[in-house]
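Q: Have a look at this prediction, sequence included:
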Amino acid sequence: MTKPLVHRCLLPLLAVSLWIACKQTTEPKTRSGDVRGTVRSASPGDTSVIRSAFIFLEDSLLATSDPAGAYSVSSLPEGTYRLTCSAAGHRDSTMQVRVEGGKTAALDFYLIPDFSTGGVFGEFQDQNLFNDALKTNPSMADWDSKTLYDATTSATIQVKTLKHDVPERRVTLGDSLLAAADGWGQYVFKIRTGTYAITGSCEEYESVTQFVTVEPNGRQYVNFFLPRKK
């Protein structure tokens with residue numbers, strides 16, 4: 001028997017309605033917002049802008065200030081954040097900001113000049129050899145940076161591990177050379193207080209970048225574990 005015309009018309013409409021309902025979700029979409037601001041000096045009588053200042057969220061670099069001292073962080077999910085600003089020759093500053101969806105929050109940083117310096121010490125490790133060494137000495141996984149620097153791992157990138165002349169192992173900040181490792185695979189340099197993204201590199205290895213916060217007259221240890229290039 002032929003179905004009534006009204007049923008034949010309603011069935012396609014019902015199917016379309018169900019498809020639309022399935023495509024929709026009752027869960028709220030994650031909304032994001034932006035943060036913008038300017039980095040300036042907090043020196044008495046001098047509020048000049050600071051270029052090349054870094055904006056961090058914990059260990060993640062979010063932005064760098066431009067020649068006008070301005071920075072911008074885009075698409076942060078709604079929430080409250082504690083952002084840290086760092087620049088060479090200045091003390092770090094950490095401030096809280098509330099990000100709301102579809103809005104731009106203003107957050108200016110004023111950094112206090114500080115021309116004191118601190119030392120950074122470290123060692124270059126072959127990641128592959130270190131992983132092998134962990135199989136016989138698992139406790140090395142719990143060593144802190146200073147212990148690893150002072151101890152013997154059998155994975156240090158030096159003549160003993162590569163069995164031939166070792167390529168130069170370099171520590172750089174952007175395009176600037178900070179230090180080169182000695183014959184034992186170790187390096188040391190002094191730098192003004194602040195937080196920096198330093199990179200360890202060596203021919204035949206992948207480069208690795210790490211963050212270090214330098215305290216006045218302090219000693220920080222940063223060891224680079226470099227994977228071999230495939």
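A: Sure thing, it's come through.
Q: where are the low-confidence patches of this protein?
A: Scanning the chain for pLDDT under 70 picks out 1-30, 163.
Q: Mind splitting it into its structural domains?
A: Here the domain parsing of the chain from automatic domain parsing is 32-111, 117-226.
Q: how about those domains in a markdown table, adding mean neighbour count?
A: Heads up, the C-betas are built off the backbone N, CA and C, glycines and all. Output for these, formatted as a markdown table (neighbours: other CB atoms under 10 Å):
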| stretch | mean neighbour count |
| --- | --- |
| domain 32-111 | 16 |
| domain 117-226 | 16 |
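Q: which secondary structure elements does the helix or strand where L134 lies contact?
A: Per DSSP states H and E, L134 falls inside helix 127-136. Packed against helix 127-136 by the contact rule (3 or more CB pairs under 8 Å, 6 or more residues apart in numbering; DSSP states H and E) you find strand 224-226.
Q: Direction included, what does the strand it packs on pair against?
A: Using DSSP bridges, the strands paired with strand 224-226 in its sheet are strand 117-126 (parallel).
Q: and the partner strand with helix 127-136, angle?
A: If you take axes from the mean of the first three to the mean of the last three CA atoms, to 10 degrees, strand 117-126 sits at 80 degrees to helix 127-136.
Q: hey, C-alpha coordinates of strand 117-126 in PDB?
A: Only the C-alpha atoms of strand 117-126 are listed here, as PDB (Å, rounded to 0.1, in the frame of the first residue of the first chain):
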ATOM      1  CA  THR A 117      76.200  38.400  36.300                       C
ATOM      2  CA  GLY A 118      76.000  34.700  37.000                       C
ATOM      3  CA  GLY A 119      77.800  31.700  35.600                       C
ATOM      4  CA  VAL A 120      76.500  28.800  33.400                       C
ATOM      5  CA  PHE A 121      78.200  25.500  33.400                       C
ATOM      6  CA  GLY A 122      77.500  22.400  31.400                       C
ATOM      7  CA  GLU A 123      78.500  19.400  29.400                       C
ATOM      8  CA  PHE A 124      77.700  17.900  26.100                       C
ATOM      9  CA  GLN A 125      76.300  14.300  26.200                       C
ATOM     10  CA  ASP A 126      75.700  11.900  23.300                       C
END
